[in-house]
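J.: Here is a sequence together with a model predicted from it:
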Amino acid sequence: MTDNVLEISNIEVVYNHTVQVLRGLSLTVPRSRIVALLGSNGAGKSTTLKATSNLLSLENGALSAGRISFNGEDTARQTPHGLVRNGLCHVMEGRRVFEDLTVEENLTAASYAVTGRSDGGGNGGYDLVYEYFPRLHERRRAQAGYLSGGEQQMLAIGRALLGRPKLMLLDEPSLGLSPVLVEDIFTIIARINREQQVAMLLVEQNANVALALADYGYIMESGRVVIDGTPERLMADDDVREFYLGTGGGGEARSYRDVKHYKRRKRWLS
Amino acid sequence: MDWLFFFEITLAGLGTGGLYALTAIAFVLIYKATRVINLAIGEMLMVGAYLFFGAAVGWALPWWLAIILALLGGGALGMVLERGVIRPLLGENPISVFMVTIGLGSILIGMVELIWTANPRSLPNFFPTDPIFIGEAFLAPKTFWSFVVAAVVIAVFLLLFRFWRGGVALRATASDQGAAYSMGINVPAVYSLAWGLAGVIAAGAGILLGSIGGISSDMGLFGLTVLVVVIVGGLDSVLGALLAGLLIGWMESMAGVYLGGEYEHLVTFILLMVVLLFRPWGLFGTREIERL
Amino acid sequence: MRIGSPKESYIADEALFRTRTQWVWLWLLLAVLIAYPFVANLYWLFLVCLISINIISATGLNILTGYTGQVSLGQAAFMGVGAYTVAWLDNNTGSPFFINLLAGAGMATLVGLIAGLPSLRVKGLYLAIATIGASFILQFIFINWESVTRGTRGINIEPPSVLGVTLDNPDTFYWLVMPIMVVMVLLAANLFRTRIGRAFIAIRDRDISASVLGINLPFYKLMSFGIASFYAGIAGGLYAYFFGAINPESFPLLMSIFFLAAIIVGGMGTILGSILGAIFMTLTPEILRYGVDILSPYIDNAPQILSPLRTAVFGALIVGFLLFEPHGLAEIWRRVRRFFHLWPFRT
Amino acid sequence: MLVSKLARQLMAPVAAIALALGGAFPTAWADNDEIVLGGSIPMTGPFAFAGLQFDRGLRDYVEWINRQGGIEGRTLRYVGEDTGYQQDQSVAVFRRITSRENVNFYFGDSTAFQQTINRELDRRDILMTGASFASELNDPERYPLQFLLGPDYSEQVGILLSYIAEESPGARVAFIHSDTEFGRDPIAPGRSKAEELGLTVAATIVTPPGAADISSAALELRRARPDYAIFHGYVLAPIPDFIQRARQMGMNTRFMGTYYTMDQGIINEMGEAADGFMGVMPYRYYYDETGPAPIMDAIRELHGDYQTTTYTQGWLTGVLITEIARETLRAGKPFTGSNLRETLDSLSDIDTGGIFGQPVNFRGNSIPLGRIYRADVSQGQMVPVSDWIELE
Amino acid sequence: MHILSVDGLTLSFGGVHALRGVDMQVAKGSITAVIGPNGAGKTSLFNSISGFYRPQEGRVVFQGEDITRLRPPHRAALGIGRTFQNIALFRGMTVLDNVKLGAHVRMRTGLLSALWYLGKARREEAEIRKQIEREVFDFLEIDHIRRHPVANLPYGLQKRVELARALAMRPKLLMLDEPVAGMNREEKEDMARFILDVKEQWDTTVLMVEHDMGMVMDISDQVYVLNFGQLIAAGKPSEVQANPEVIKAYLGSGDIHSLRQRLGGKTRAA
């Protein structure tokens, strides 16, 4: 199947006109598949997601080169909320639930995702969310700010699910959750993917669990993809360990300790 | 102590407090949605009152039609200000935006004086004029009816915030802009909506205020007391705006009668200083934790 | 950057005026300032004196708001404190005018420090609102402390005299206010060559990291408030002497907004900005008056639109500069200068 | 090379300075045959309702007197500019007009301005009058070169109190005033005057400037239950509101006002509620045709419709100036401020052409003469209820 | 000998624990790194040391003195200098003024002498200028941009100016928050060289937070690993790399195949 719901080609992102975070990153997400995007902190994973959902401008960032196409259409020409309404839902890092609103009001807010869509959403959407997350149904009158971390993550995913997305961007759903909860959440994510045919681009630090779920994985560093492949291949690769733990396995990179004072010498000579 | 008199003063104070609360809601609405401290709220209120004057007296329209036009005009003004001046500055230094609203206030005063001159005017009376008695206590009909209208309008807006889908979108945007975007909420439209609604409320408050005491181009000063109200209540708290509005209305009445009219605003501003020193986030506001 | 002006020492490199062209200009400006009273009529001298007073106050406000980032809407009220102190001393002690002026500035500083206390608790917009509160409370004091301020009736002040010359007219007063203005501006410019000025800017740009770098925030914020009110006090004292009478309505909140507008229009955080802004904002009503005069054959009741127009233009300048030229006239000036410097080669 | 570069750097600012100085040179000097009346006139801003009328009145008078042959053969010229009722603008206008013209008389727009400019009058030998009736200015020692166009505010209140004491001795009186310089002016003297006349001061109620809601003040008034309530320091609002509320609360207090509230506007704006409202007015109303009044006739001839009392005030300014100038010229004295003042002090029983109902005399800087009128809504006019009252 | 020790530091914001009983010792003259996944509490630890956050429990001891209750400026005066994660330069100043500001705590000019700028103030400014030119600008090779406004500088140079500003304090302890984030390989090498030189030539102790494992492992003498606000490992780079807790924190735990079955993921070919 060559049908890709998301194609990112050679994008570059700059914050505040000075800080370049992405340097020619490319990846694709096939329809109904889960793709994991891994990498150390600060590698640019969240930025990739924000670039995709067109939210960079909120943080004074901008796409300075490259192209992102969702469902065959260039995202640069679409508004952030327009993208959501076309089926691209972004579950942001840190869950970002509306803390002053109740669970159900959070879902109401999320129902804007289906605004103007012919297949509609309506209350059927709520039932779908509650079916996957019965816990949310129990707490639907509670203020979201008082939910536990796991419940908030459920709500965040539930809100995205309400938009009947074709593609979900998941930013570190495991962040700050205990291992048991992580497995619960990921089980539901897998179910959603399987039953709703939602494609997913999953950003994770927890490489094991991400690769267990994914069909394909990319590992990035310093704003570009360095290795990609199937989960089995990536898990077997020593480089993965290096990127995460800095275990100097690779041959070509010299140690930072051995960098010479060449610049300074040159200066004294001139 | 003359308790009946005290009670009457209290009622009168709450009457003014109702108008403070109403205007404060407009202020809070703008603050919550766009994080703008809008010092021009008093001038928006003044423009609303003058629009009513223009329609009811200038064009001699029936008062109810004039009110509708003035409310719509106030809403349009809010939207225009948001779209034309505020939105280009969102994300900039909040202090710049604050100063822009000071400038806007000045522009609005100038425009009103250009059209209607600076002469004070009185508005046609549309309230019933039969005196109101609560028990033995007298309440001026204007005060009573404006309080009733303010209360009804506030209640309607509270219900809208609570149950209307657009109200939920507003609160969602106020709580987390980025997340609102990612829910498919058209955030810029929400900004316009917030400023538009605030413009409507302010215009309504202006009509009420003007029908009590007449209108003039400097009635925007009312906005400064409203500023104190929202600081005391907490900039982002609707409940705070309501309670602080009533509290300050009552306090001013008390000060005016028992200390003298010159003390009315003094107590307000002393309260402001005390709140800023000891509880800057207000009685019901959210305390923001500063992060690096 | 100018090329070809090597410095012999770091002291020379740290000087306020570094190139010969700058010095030539400075002497020229001085010559113009000295010659001015001999060619201008009283009206234009009046305007220049008023501008000088406004420059002093705007410079003070710029130190606080433009450089330290603490918005204040209390500058006029602090001027009032200076003016009333001067007036009271003038009427009750007969002490010489420069003592009165310093005492007025000192009193304004003291009041400014007290009004600045909320800056230890709150910042940004809350602080701006606190200064509105302080203005109102001061206004109340001006009106109601009758034994000192004569309440709403206001106080008259005798003109100062120096070496037997009574400075009761713009042509003589000029020689008092102009040197004071020049000195006050130079002092402010000096301040920003030292660690204190840098600390102010650091507080404006990033107060928290400034504190982590060793800057005592409460201390410097209060110092900035104190300096701004000192300038306001001097300006207020001169205002009292210049107009010869003050009353509570001489220093309304609108006047504070005027000074805020002046530094926005002129350029926040530049000394030049305070000067240009004060000049521009003082002259704007005059320019508008001429404009309306020109328009009067074409518009009915042209004089009647002047005041509303002034109010609207006043607001439009604030909004326009913040939207389109946030660095103010000082930045435009720099661009013009660069253009002429490189002319006819376009950059 | 260096020269041309320097020249380039010099060019722009030199041009700018030249431009700035260009306006600085005196442009015109007054003709010696002219008598010039300068004016800082509040044609816009909160006092515009009166300022525009002053301006018209002065213009019309100047045209009229010059048609009559001027003052002893000299023409009177009026130069007025708008101040927006802002003190600094008033001073700026004064500076500009006096630096351009050889001004003999000046019209000021506010107490604050008239105080501020006092020192200047001395130096420039200018005699001043103006819109202010502040008691503060009624002090020939401090303000030797100024005079008022009628009774000062304390005297206006005094006239009202004299009337009350006459009508109902021992009555209870309340003062209601705004917390402004204007509003506070006559209150302290008024209170002592009331006691002097054997009246009881039942309450003194202050309203903050710009206060829209006077609910609590109205309740305070009801508690005081005065027979008379004197408003001062307002133009219109909140007087109608007070009166309406008092009616609703079943009070039968009689309400009174001072000069600036006593114009026809109060009937037009307040409608029914204005009926019975009383106050002091020094000038004859446009429609008051009792007795000979040549100046009022001239006004009526010029304008077929109602003219405000502030318009008449403009004419009065002209009449008094004419009187002073004429006498000074006849005495052959130069137009210095002190000479003009001397003339003013020497005048007695000045004929104002019927603007005042009787010949007037200055006491200090003011003319303490006025009459009590009552609004009669059915006629749509102010009707006199007393004779002219002159305070000693 | 330890220049800095942190004992049992506990910090929480409204119920969320950012740090739980963290102990750390920084040896004088060492380069010590703090690492850990996102949200592990590294920056909170830094902020507690520089005094911006006030921990609920625990002590911070610097050069044998308990500084737990000292406010940030006083800590700076004692010789704790730092840089910030997202560059905290003063954008309204030139490079020179930014760096001079670093020397603030070493200067004594009072208000009056500053206003007149005669004698003392002038001498002190010139003296500081000379020191900065010789010690800092020359060392960091930024003398050519001394009069540039910092706002327009490229990212890499801004980072360097920030380091210069911290060095102008002549700090005894230099804290670097992600000194090479967002840099390319060459820039990272330069920065690594500077850090090593600072340690050697300035006799300054370096404490840093950094995500680039390659660099951390190459130049650090001692590494502390935080996760969920707790210290999970400490030691030499090689020891830390091999620590199973660390590997779990970064890569997640468990065997990927059993994990996949538990999550109920699709069974499919690799």
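T.: Structure received.
J.: For the stretch 101-250 of chain B, what lies in contact range of chain C?
T.: Residues of the stretch 101-250 of chain B found near chain C (Cβ under 8 Å from any Cβ of the partner chain) are B:102-114, B:117-118, B:224, B:227-228, B:231. The C-beta positions use only the backbone N, C-alpha and C, and glycine is treated the same way.
J.: how about the helices of the stretch 101-250 of chain B, start to end?
T.: For the stretch 101-250 of chain B, the helices defined by DSSP state H, counting those that start in this stretch occupy B:141-163, B:165-175, B:177-182, B:187-213, B:222-233, B:238-254.
J.: how about the ones you listed in CSV, adding distance to residue D:189, mean pLDDT and mean neighbour count?
T.: CSV is the format used below for the helices of the stretch 101-250 of chain B (distance: least, Cβ to Cβ, whole Å; pLDDT from 0 to 100; neighbours: other Cβ atoms under 10 Å in any protein chain shown):
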stretch, distance to residue D:189, mean pLDDT, mean neighbour count
helix B:141-163, 34, 90, 18
helix B:165-175, 56, 90, 22
helix B:177-182, 61, 90, 24
helix B:187-213, 28, 93, 26
helix B:222-233, 32, 92, 27
helix B:238-254, 29, 93, 24
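J.: Let me have the ones you listed in JSON lines, extended by distance to residue D:258.
T.: Listed next are these as JSON lines, based on distance: least, Cβ to Cβ, whole Å:
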{"stretch": "helix B:141-163", "distance to residue D:258": "26"}
{"stretch": "helix B:165-175", "distance to residue D:258": "51"}
{"stretch": "helix B:177-182", "distance to residue D:258": "57"}
{"stretch": "helix B:187-213", "distance to residue D:258": "20"}
{"stretch": "helix B:222-233", "distance to residue D:258": "27"}
{"stretch": "helix B:238-254", "distance to residue D:258": "27"}
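J.: Which stretch among those approaches residue A:74 most closely?
T.: When those are compared by Cβ to Cβ, helix B:177-182 sits nearest residue A:74, at 18.5 Å.
J.: ok, and what's touching the closest one?
T.: The contact list for helix B:177-182 (Cβ atoms under 8 Å, 6 or more residues apart in numbering or on different chains) reads A:53, A:55, A:58, A:80-81, A:84, A:89-92, A:96-98, A:109, A:160, B:169, B:172-173, B:187, B:190.
J.: could you flag which of these are buried?
T.: A:53, A:55, A:80-81, A:84, A:89-92, A:96-98, A:109, A:160, B:169, B:172-173, B:187, B:190 (16 or more other Cβ atoms under 10 Å in any protein chain shown).
J.: tally of neighbours for residue E:149?
T.: Around residue E:149 there are 16 other residues, counting by other Cβ atoms under 10 Å in any protein chain shown.
J.: correction: residue A:9
T.: Neighbours around residue A:9, by other Cβ under 10 Å: 14.
J.: Now do it against residue A:69, distance only.
T.: Residue A:9 sits 8 Å away from residue A:69, going by Cβ to Cβ, to the nearest Å.
J.: cool, residue C:319 as well?
T.: Taken as Cβ to Cβ, the span from residue C:319 to residue A:69 is 40 Å.
J.: So which of these two has more stuff around it?
T.: Each of residue C:319 and residue A:69 has its neighbours counted (other Cβ under 10 Å); residue C:319 has more, 22 against 16.
J.: what about the more buried one, helix or strand, and which?
T.: Assigned by DSSP states H and E, residue C:319 belongs to helix C:302-324.
J.: ok, now residue E:201?
T.: Assigned by DSSP H and E, residue E:201 belongs to helix E:185-202.
J.: quick one: is stretch E:87-107 near chain C?
T.: Yes. Stretch E:87-107 reaches chain C (Cβ under 8 Å from any Cβ) through E:88-93, E:97, E:100-105, E:107.
J.: what sits against the residue of the stretch 251-392 of chain D found nearest chain E?
T.: In the stretch 251-392 of chain D, the residue that lies nearest chain E is residue D:337 (45.1 Å; Cβ to the nearest Cβ). By Cβ under 8 Å, 6+ apart, the contact set of residue D:337 is D:121, D:122, D:124, D:125, D:126, D:127, D:145.
J.: pLDDT score assigned to it?
T.: Per-residue confidence at residue D:337 stands at 87 (pLDDT).
J.: Can you tell me the closest non-neighbouring residue to it?
T.: Computed as Cβ to Cβ, 6 or more residues apart in numbering or on different chains, the closest residue to residue D:337 that is not its neighbour in sequence is residue D:125, at 4.0 Å.
J.: what about residue 76, neighbour count?
T.: I went with chain A, as the question did not name one. Residue A:76: 12 surrounding residues under other Cβ under 10 Å.
J.: Please refer instead to chain C.
T.: 27.
J.: Kindly report the same for residue E:247.
T.: Using other Cβ under 10 Å, the number of residues around residue E:247 comes to 19.
J.: Surely the residue nearest to residue D:337 touches residue D:335?
T.: Yes. Look at residue D:125 against residue D:335 with Cβ atoms under 8 Å: they come within range, at 7.3 Å.
J.: who touches the residue in the stretch 51-200 of chain A that chain C sits nearest to in this structure?
T.: Chain C sits closest to residue A:60 of the stretch 51-200 of chain A, with a gap of 15.8 Å, by Cβ to the nearest Cβ. For residue A:60, the contact set (Cβ under 8 Å, 6+ apart) comprises A:15, A:16, B:91.
J.: Now the second one: phi and psi?
T.: Backbone geometry at residue A:16, expressed as degrees, to the nearest 10, gives phi 50, psi 30.
J.: How about stretch C:141-156 and chain D, touching?
T.: Yes. Stretch C:141-156 is in contact with chain D by Cβ under 8 Å from any Cβ, via C:143, C:151, C:152, C:153, C:154, C:156.
J.: between the residues you listed, which is nearest residue E:184?
T.: Ranked by distance to residue E:184 (Cβ to Cβ), the residues of stretch C:141-156 next to chain D are led by residue C:143 at 65.9 Å.
J.: Can you tell me the closest non-neighbouring residue to the closest one?
T.: Residue C:143 sits nearest to residue C:248 (Cβ to Cβ, 6+ apart), 4.7 Å away.
J.: quick one, helices of the stretch 1-150 of chain A?
T.: Along the stretch 1-150 of chain A, counting by DSSP H, counting those that start in this stretch, helices occupy A:45-52, A:80-85, A:103-110, A:122-132, A:134-138, A:149-162.
J.: Now the stretch 101-250 of chain E against chain B: closest residue?
T.: For the stretch 101-250 of chain E, Cβ to the nearest Cβ, closest residue to chain B: residue E:177, 8.9 Å.
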